[in-house]
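A.B. asks: just to be clear, the model below is a prediction. Sequence and coordinates:
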Amino acid sequence: MCTVPKEAARPLRGLVDVELTVNGGPAAVRVPVHRTLLDALRDGLGLTGAKRACNEGTCGACTVLLDGVAVYSCMTLAVRCAGRSVETVEGLARGRDLHPLQLAFIEHDAFQCGYCTSGQLMSLAGLLRRNPAPSEADVREAVSGNLCRCGAYEGIIKAGLAAAAKSS
Ligand code: FES
Ligand code: FES
């Protein structure tokens, strides 16, 4: 459960200033209390990697890491992330060097339209953070909340396992 440090939540004509860490750097957004983290990232910070699809916590396209744990950003209030660390797909690569998961997605043909891909990547990034040597069942469980309308599941599972093998 996220907490809101009192000093971070300063009501201002219905708006709240939220300071947080995004992809390792400081960030600040001024949002209505009801604004979701997804909207704050996309519309407030210009980070459009997390996708809006169902916007009701069923598809996983909006998945990001919050303090290292995968969450649906469409179901997370921005004000509840004050003082916390958010990681999005934009933070996976290191400069021009793609993350092992991104390389594995390319190698294993793990996407078609790509709309679900950032969410799949972040769910798997969260898994590898807590379990660097996951089983196939672990990988399947990690992306079980991420729908892929293109049906690229086989490649996604293979890519998750391949990235884990290279990372561990
Ligand atoms: S857009 Fe968040 S779960 Fe679908
Ligand atoms: S690649 Fe199209 S929805 Fe997953």
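C.D. replies: Perfect, thanks for sending it. Ligands and ions are numbered 1, 2, ... in the order given.

A.B. asks: isn't residue 77 right up against residue 34?
C.D. replies: Yes: proximity of residue 77 to residue 34 meets the contact threshold set by CB atoms under 8 Å, at 7.1 Å. To be clear about C-beta, it is placed using only N, CA and C from the backbone, and glycine gets the same treatment.

A.B. asks: have a look at the two and say which one is more surrounded.
C.D. replies: Just comparing residue 77 and residue 34: by other CB atoms under 10 Å the higher neighbour count belongs to residue 77, 20 against 10.

A.B. asks: so what's the more buried one up against?
C.D. replies: With contacts taken as CB atoms under 8 Å, 6 or more residues apart in numbering, residue 77 has the following neighbours: 2, 33-37.

A.B. asks: residue 98 now?
C.D. replies: Contact analysis of residue 98 by CB under 8 Å, 6+ apart lists 92, 106.

A.B. asks: ok, now residue 106?
C.D. replies: Taking CB under 8 Å, 6+ apart as the definition, contacts of residue 106 comprise residue 98.

A.B. asks: for my notes, confirm it occurs in a helix.
C.D. replies: Yes: if the criterion is DSSP: H, G, I helix; E, B strand; the rest coil, then residue 106 is within a helix.

A.B. asks: that older thread, of the contacts of residue 77, which one scores lowest on pLDDT?
C.D. replies: Here the lowest pLDDT out of those sits on residue 2, with 38.

A.B. asks: quick one: the nearest residue to residue 130 once chain neighbours are set aside from ligand 1, how far?
C.D. replies: With CB to CB, 6 or more residues apart in numbering as the measure, residue 68 is the residue that lies nearest to residue 130, at 7.4 Å, once sequence neighbours are left out. Computed with CB to the nearest ligand atom, to the nearest Å, the distance linking residue 68 and ligand 1 is 19 Å.

A.B. asks: would you quantify the distance from residue 68 to residue 81?
C.D. replies: Taking CB to CB, to the nearest Å as the measure, residue 68 falls 13 Å from residue 81.

A.B. asks: that older thread, what's the farthest-apart pair in the contacts of residue 77?
C.D. replies: Pairwise distances among these were taken by CB to CB; the largest, 14.7 Å, belongs to 2 and 34.

A.B. asks: quick one: contacts for the closest residue to residue 100 other than its chain neighbours?
C.D. replies: Distance criterion CB to CB, 6+ apart; nearest residue to residue 100, sequence neighbours excluded, is residue 163 at 4.4 Å. With contact set as CB under 8 Å, 6+ apart, residue 163 has these partners: 99-101, 103-104, 124, 128.

A.B. asks: kind regards, and thank you for your time.
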